[in-house]
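**Student:** can't give you the sequence, but here's the structure:
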């Protein structure tokens with residue numbers, strides 16, 4: 001009962017995360033082009049035919065850039081709220097647009113996806129967990145503060161993509177204008193290394209096997225700095241830096257034991273029946 005996870009890209013230039021089992025998978029966000037999603041999945045030997053849905057966290061371009069083309073090409077249902085669809089000006093095929101509600105489970109084959117609200121400067125932003133009933137993976141980026149929702153869901157994850165966007169000193173001394181610095185650290189922007197580390201140290205469950213440190217700033221952070229900072233406190237948790245420029249390997253996450261094995265899936269297995277389509281009127 002494993003889940004297989006990878007970051008296809010993570011950063012202000014594009015975000016796209018893959019979570020699935022042996023027969024079906026979902027994407028959380030599609031902020032890189034259709035071509036890049038295809039190329040990176042091909043390099044990882046992941047077949048798009050396994051994808052059953054895309055879940056969109058919010059309308060910023062680095063989370064939806066490739067959405068319309070990719071979803072249309074593979075006829076993938078897109079779970080997106082009405083405000084996100086409207087403000088993102090996404091041109092979805094109408095029959096592919098599905099709604100979701102906070103704290104309500106959406107079943108995608110044998111996967112269960114739950115959304116919860118987060119603090120970010122978007123119209124209707126959410127984070128997600130994906131579960132197969134035994135293993136739970138969280139995608140927690142673009143978060144202004146570590147709210148109780150985040151703490152609760154993070155503390156139940158076997159693996160998580162957790163934002164560690166900026167080093168506070170680098171941001172303070174950097175060249176960004178004041179308004180942008182304030183936006184980043186003002187409570188509806190991004191998590192700092194310190195905030196992410198505090199969440200990890202205080203609230204990680206004993207079974208958290210993989211932590212993907214995500215959405216690192218190119219100008220206000222350093223991957224080596226983040227990796228060294230978290231490795232000091234990692235214990236049995238495998239620390240992975242999610243790149244701004246390339247995909248990570250595919251990691252297998254198990255419920256019963258810590259696994260740091262890199263897994264490449266060579267060919268798609270027989271597909272289960274697609275999940276029921278949810279119709280939603282966004283007019």
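**Tutor:** On my side now, so go ahead. For clarity, every value in this text was computed on a predicted model and none was experimentally measured.
**Student:** run the chain-centre distance for whichever helix or strand residue 37 is part of.
**Tutor:** Secondary structure from DSSP states H and E places residue 37 in helix 34-43. In terms of Cα atoms, centre = their mean, to the nearest Å, the centre of helix 34-43 is set 17 Å apart from its chain centre.
**Student:** any chance you could list what contacts that helix?
**Tutor:** For helix 34-43, the surrounding residues in contact (Cβ atoms under 8 Å, 6 or more residues apart in numbering) are 8-9, 14, 16, 18, 27, 30, 32, 47-48, 66, 69-70, 73, 246-247. In this view, the C-beta of every residue, glycine as well, is placed from N, C-alpha and C.
**Student:** relative to residue 160, how far out is residue 101?
**Tutor:** Residue 101 is 22 Å from residue 160, where distance means Cβ to Cβ, to the nearest Å.
**Student:** which one of those two has more residues nearby?
**Tutor:** Neighbour tally, residue 101 and residue 160, criterion other Cβ atoms under 10 Å: the higher count belongs to residue 160, 29 against 11.
**Student:** contacting residues around the more buried one?
**Tutor:** For residue 160, the contacting residues are 137-140, 154, 208, 210-212, by Cβ under 8 Å, 6+ apart.
**Student:** okay, and which of those residues map to strands?
**Tutor:** 137-140, 210-212 (DSSP state E).
**Student:** residues near residue 214, how many?
**Tutor:** Neighbour count for residue 214, taken as other Cβ under 10 Å: 29.
**Student:** how close does it get to residue 44?
**Tutor:** Here the distance between residue 214 and residue 44 works out to 17 Å (Cβ to Cβ).
**Student:** and what of residue 234?
**Tutor:** Following Cβ to Cβ, the distance that separates residue 234 from residue 44 is 24 Å.
**Student:** got it, and residue 243?
**Tutor:** Counting by Cβ to Cβ, the gap between residue 243 and residue 44 amounts to 13 Å.
**Student:** what of residue 221?
**Tutor:** Separation of residue 221 from residue 44 (Cβ to Cβ) stands at 25 Å.
**Student:** ditto for residue 197
**Tutor:** Computed with Cβ to Cβ, the distance linking residue 197 and residue 44 is 29 Å.
**Student:** and if you look at residue 124?
**Tutor:** Taken as Cβ to Cβ, the spacing of residue 124 relative to residue 44 amounts to 31 Å.
**Student:** now do residue 213
**Tutor:** Between residue 213 and residue 44 the distance is 19 Å, computed by Cβ to Cβ.
**Student:** so these two - more neighbours on which side?
**Tutor:** Regarding residue 213 and residue 44, a neighbour count based on other Cβ under 10 Å identifies residue 213 as having more, with 27 against 20.
**Student:** tell me if I'm right that that one and residue 242 touch.
**Tutor:** Yes: if you go by Cβ atoms under 8 Å, residue 213 and residue 242 touch, sitting 6.4 Å apart.
**Student:** give me the pLDDT for the nearest residue to residue 239 once chain neighbours are set aside.
**Tutor:** For residue 239, the nearest residue in space outside its immediate sequence neighbours is residue 230; the separation is 4.9 Å by Cβ to Cβ, 6 or more residues apart in numbering. According to the prediction, residue 230 has pLDDT 98.
**Student:** which helix or which strand is home to residue 230?
**Tutor:** helix 223-231.
**Student:** list the buried ones in that helix?
**Tutor:** Neighbour counts over helix 223-231 (16 or more other Cβ atoms under 10 Å) mark 226-227, 229-230 as buried.
**Student:** what about the helices in the protein?
**Tutor:** Shown for the chain, the helices assigned by DSSP state H span residues 34-43, 61-64, 67-74, 82-88, 148-154, 168-173, 178-185, 193-203, 223-231.
**Student:** which elements pack onto the fourth one?
**Tutor:** Right, helix 82-88. The elements that helix 82-88 packs onto, with contact taken as 3 or more Cβ pairs under 8 Å, 6 or more residues apart in numbering; DSSP states H and E, do not include any helix or strand.
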